[in-house]
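Student: Model the structure of this input:
(4 chains)
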There are 2 protein chains.
Amino acid sequence: MDLRSLRYFVAVAEERHFGRAAARLHMTQPPLSRAIKQLETDLGAALLDRSPSGVTLTAAGTALYDEARTLLEGADQARAKVAAAAGPGTLTLGTLADSSEPVGIRLAGEFRERHPGVRISVREADLTDPTTGLRAGLVDVALTRIPFDTTGIRTHVLRADPMGVVLRADDPLAGRDEVRREELADRVWFRFPDGTDPQWQAFWSGSAVSGPVVRTVHECLQAVLWNGTIGLAPLAHSFPEGVATVLLADYPPSKLVVAWREDSTPPLVRSFVELAVRIAGLDHRETPANP
Amino acid sequence: MDLRSLRYFVAVAEERHFGRAAARLHMTQPPLSRAIKQLETDLGAALLDRSPSGVTLTAAGTALYDEARTLLEGADQARAKVAAAAGPGTLTLGTLADSSEPVGIRLAGEFRERHPGVRISVREADLTDPTTGLRAGLVDVALTRIPFDTTGIRTHVLRADPMGVVLRADDPLAGRDEVRREELADRVWFRFPDGTDPQWQAFWSGSAVSGPVVRTVHECLQAVLWNGTIGLAPLAHSFPEGVATVLLADYPPSKLVVAWREDSTPPLVRSFVELAVRIAGLDHRETPANP
DNA sequence: TTTTCCCGATACCGCACGGGTATTGTCGCT
DNA sequence: AGCGACAATACCCGTGCGGTATCGGGAAAA
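Tutor: As a prediction, this is how the structure comes out:
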């Protein structure tokens, strides 16, 4: 007898219908039927009277329903008590200035729901530090992009986004479906300041040695609009008026990762990472397979 | 957070030692460590301070310990309440006069432990009915041996025992390690009464058409001692003074099964069957692999 | 200081279980 | 009798749990 079975049973008891209960539990009917039967076997008593015109509780079933409610209630209170005893936790999250994207939104929501007492302080880093202050200890966990030097840092890929070039809307290439890198050979690229992580620098601006130095997304867009520079960006979110994006056909995709220090294993960090991975996985699978 | 994790945590909290706690939980230390860490991740708080000189509880840990105790206590009470509401259950068990064997003993014990309120009434059947009254509805579940006509009856093999021949202790063959069937061709075999299940009859007494008719194990042994008849028995338990057993080399093993009517699915029957299968499985695996 | 020992953590593996899809069975109802 | 609704069954597959083997690190002993 575990809490999961009890949750299942409560759902069926309240809906008096396996199908509806399954829907409420975000699952399908057969595993639910099986779980309830296992619970009955485990307890050694019939809990439900199955008739085609609905399901009714036996005496044992009503007894279990009350008990299960109390137990589940107690479990929730236990969580709360533990959270209270642990004191107000804090998690500092570093982002790469694009935390407003879907996965970040859901992640923040679910994390707050799971750990209501935890204060999340978000630090938005500029483009010059792909670790967003992780190695410096300024943040506990980061949503960022690879590649960069990951010694001492562990990462888990959440998603891969195709890369695109960012142009003025009136650029001759602006209407194209895609471009290749060689077509941009004569353009002016931007650069990151000296001292930026070499891998990171190489990914974003190639071997450019001239061109404007940018530190933030904003500066980069300004350079595009005013200098005619080209920008580079993962095609994951929308861009402001006046600029256009074109898919870069021969460029490796940019991978969004969750990153944390490998010596950093406090539960909140682990919980955040676990949540991030799960949600990212769901994002892929949730696309309904329409027949 | 499920009840299993809580049980684990309570054990560790009380033992203040992962190894001892694991032993108490009848498991090994690594999965226990992992489970506790998962629990910490799930709750988002450190529960234990691991120091080489023992394990101590954090504030969150002590809070969870109290809550967990209450929850587990509540779960036990829930079981009791359900059992009470279900009314005193009854399970009638049919056996083939050799229920005193190891698996039967353990089975009865564990079943009583799991379902304290249930009355088990045992019906010992004689050798003439391999179903021990199952088909007639006299018992709910049976510990018996195949083969017999199983239409309408489901069985699950618990164990296979080699067959042996039962002789007077002063029989010339009595000292042998094993005999073959042809060496017994001139012996007098016993028979079952007319009307006995044909498969059953064929297994136990071949095509014998003469010889004494026996109905019980006792009668069979009497026939061996007084008539010089030979008996046939699975070599699973000990035999009384005065008779000897010799392995029958070319005889198929006798399979001990748990049997129930295929239309009979009350939870207590399912629970009994499940227990029987699990215990029989353990019996095999529990033989320690000495290196 | 170096060695040893204890104990928890990690790595990896195999199997069982929980979830899924597809199908069957079985009642009421027309 | 035929149909529709609903739970049960059959089967598949991936995850998770428990196992064994090994590592790492701190404390005690030499």
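Student: Which residue ranges of the stretch 151-291 of chain A form strands?
Tutor: A:153-161, A:163-168, A:178-179, A:231-234, A:243-248, A:254-261 (DSSP state E, counting those that start in this stretch).
Student: Check which helices and strands the fifth one sits against.
Tutor: Here strand A:243-248 is seen to pack against strand A:163-168, strand A:178-179, strand A:231-234 when contacts are counted using 3 or more Cβ pairs under 8 Å, 6 or more residues apart in numbering or on different chains; DSSP states H and E. Using the backbone N, CA and C atoms, a C-beta is placed for each residue, glycine as well.
Student: Which of those strands sits closest to DNA strand C?
Tutor: Judged by Cβ to the nearest atom of the strand, the one of the helices and strands packed on strand A:243-248 that comes nearest to DNA strand C is strand A:231-234, at 30.0 Å.
Student: Please tell me how far that closest one is from the chain's geometric centre.
Tutor: Chain-centre distance of strand A:231-234: 21 Å, with Cα atoms, centre = their mean, to the nearest Å.
Student: now the stretch 1-150 of chain A, which segments are flagged as low pLDDT?
Tutor: Using pLDDT under 70 as the threshold, the predicted model of the stretch 1-150 of chain A has low-confidence ranges A:52, A:98-103.
Student: and it, which residues reach chain B?
Tutor: Counting by Cβ under 8 Å from any Cβ of the partner chain, the positions of the stretch 1-150 of chain A adjacent to chain B are A:1-4, A:37, A:40-47, A:58-60, A:62-64, A:66-68, A:70-71, A:74-75, A:77-79, A:81-87, A:89, A:114-115, A:118.
Student: Just the ones of these in helices?
Tutor: When DSSP state H is applied, the residues of the stretch 1-150 of chain A next to chain B are split such that A:3-4, A:37, A:40-43, A:59-60, A:62-64, A:66-68, A:70-71, A:74-75, A:77-79, A:81-86, A:114 fall in helices.
Student: For residue A:140, which residues are in contact?
Tutor: Residue A:140 makes contact with A:91-93, A:260, A:264, A:266, A:268-269, A:272, according to Cβ atoms under 8 Å, 6 or more residues apart in numbering or on different chains.
Student: Quick one: buried ones out of those?
Tutor: A:91-93, A:260, A:266, A:268-269, A:272 (16 or more other Cβ atoms under 10 Å in any protein chain shown).
Student: Out of those residues, which two sit at the greatest distance?
Tutor: The two members of the buried ones among the contacts of residue A:140 with the most space between them (Cβ to Cβ) are A:93 and A:266, at 13.6 Å.
Student: Show the buried residues in the ones in helices among the residues of the stretch 1-150 of chain A next to chain B.
Tutor: Among those, those classed as buried by 16+ other Cβ under 10 Å are A:3, A:37, A:40-43, A:60, A:63-64, A:67-68, A:71, A:74-75, A:78-79, A:82-83, A:85-86, A:114.
Student: contacting residues around the closest residue to residue A:266 other than its chain neighbours?
Tutor: Leaving out its chain neighbours, the residue that sits closest to residue A:266 by Cβ to Cβ, 6 or more residues apart in numbering or on different chains is residue B:46, at 6.8 Å. For residue B:46, the contacting residues are A:86, A:266-267, B:40, B:58, B:60-61, taking Cβ under 8 Å, 6+ apart as the criterion.
Student: what about the residue of chain A most remote from its centre, distance to DNA strand D?
Tutor: With distances taken as Cα atoms, centre = their mean, the residue sitting farthest from the centre of chain A turns out to be residue A:59, at 45.0 Å. Taking Cβ to the nearest atom of the strand, to the nearest Å as the measure, residue A:59 and DNA strand D are separated by 18 Å.
Student: I'd like the distance between the nearest residue in space to that residue that is not next to it in sequence and residue A:64.
Tutor: Nearest residue to residue A:59, sequence neighbours excluded (Cβ to Cβ, 6+ apart): residue B:85, at 4.6 Å. Separation of residue B:85 from residue A:64 (Cβ to Cβ, to the nearest Å) stands at 8 Å.
Student: Residue A:257 now?
Tutor: From residue A:257 across to residue A:64, the span is 45 Å (Cβ to Cβ).
Student: so the nearest residue to residue A:249 once chain neighbours are set aside bridges to which residues?
Tutor: Excluding its sequence neighbours, the residue lying closest to residue A:249 (Cβ to Cβ, 6+ apart) is residue A:178, at 4.4 Å. For residue A:178, the beta-bridge partners are residue A:247 (DSSP bridges).
Student: Could you tell me how far residue A:178 is located from chain B?
Tutor: Using Cβ to the nearest Cβ, to the nearest Å, residue A:178 is found at 42 Å from chain B.
Student: Make sure that residue is actually in contact with residue A:250.
Tutor: No. Contact criterion Cβ atoms under 8 Å: residue A:178 and residue A:250 do not qualify, at 9.1 Å.
Student: Name the residues contacting each of the two.
Tutor: Counting by Cβ under 8 Å, 6+ apart, residue A:178 and residue A:250 have no contacts in common.
Student: Residue ranges in the stretch 151-291 of chain A under the pLDDT threshold?
Tutor: A:206-209, A:264, A:281-291.
Student: Go again with 90.
Tutor: Applying pLDDT under 90 to the stretch 151-291 of chain A flags residues A:151-177, A:181-245, A:248-251, A:254-291.
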